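S.K.: mind looking at a prediction? Sequence and model below.
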Amino acid sequence: MSGQLTPEAAELVQAPELEVTKSDVSQPVEPSVCYSSGDPLLPDGWRKTLPKADHQWVSQALFTANEKGKAKLDFNRANKF
């Protein structure tokens with residue numbers, strides 16, 4: 001085994017291309033509350049769907065707290081990916 005994926009396997013694991021339009025980001029999204037100072041800062045939907053093992057790094061990589069202490073997606077951080 002050479003360590004390379006077959007073309008079929010490579011097609012299965014490729015991430016889909018996402019296109020973000022102005023209309024996608026112009027609608028405000030109500031972020032959820034930060035649970036406690038020890039918990040990662042994530043919106044409820046993200047917290048429910050992400051594996052718990054990913055909560056910390058996703059929180060630190062993509063979110064900041066707004067003035068109310070709620071999770072806010074930081075597009076400047078997200079654009080670095």
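M.R.: Looks like it came in fine. Residues are numbered from 1 along each chain as shown.

S.K.: CA atoms for contacts and neighbours, from now on please.
M.R.: OK.

S.K.: report the mean per-residue pLDDT for stretch 60-68.
M.R.: Mean pLDDT, computed over stretch 60-68, is 91.

S.K.: same check, this time on stretch 38-47
M.R.: 89.

S.K.: over to it now: how far is its first residue from its last?
M.R.: 14 Å (C-alpha to C-alpha, to the nearest Å).

S.K.: over to stretch 42-59?
M.R.: 6 Å.

S.K.: same check on stretch 49-68?
M.R.: 23 Å.

S.K.: that stretch: which residues count as buried?
M.R.: Across stretch 49-68, burial judged by 16 or more other C-alpha atoms under 10 Å covers His55, Ser59, Leu62, Phe63, Thr64, Ala65.

S.K.: which one among these gets closest to Leu42?
M.R.: Closest approach to Leu42 among the buried residues of stretch 49-68 (C-alpha to C-alpha): Ser59, at 5.8 Å.

S.K.: helices or strands up against the strand or helix carrying the closest one?
M.R.: For Ser59, the element it lies in under DSSP states H and E is helix 55-62. Applying 3 or more C-alpha pairs under 8 Å, 6 or more residues apart in numbering; DSSP states H and E, one finds that helix 55-62 contacts helix 75-78.

S.K.: let's see it at 10 Å
M.R.: helix 44-49, strand 71-73, helix 75-78 (3 or more C-alpha pairs under 10 Å, 6 or more residues apart in numbering; DSSP states H and E).

S.K.: tell me which residues are up against that helix.
M.R.: 39-43, 46-50, 63, 71-81 (C-alpha atoms under 10 Å, 6 or more residues apart in numbering).

S.K.: could you dump the buried residues of stretch 49-68 to a markdown table with distance to Thr6?
M.R.: Compiled in a markdown table, the buried residues of stretch 49-68 are given as follows (distance: C-alpha to C-alpha, whole Å):
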| residue | distance to Thr6 |
| --- | --- |
| His55 | 32 |
| Ser59 | 34 |
| Leu62 | 33 |
| Phe63 | 36 |
| Thr64 | 40 |
| Ala65 | 43 |
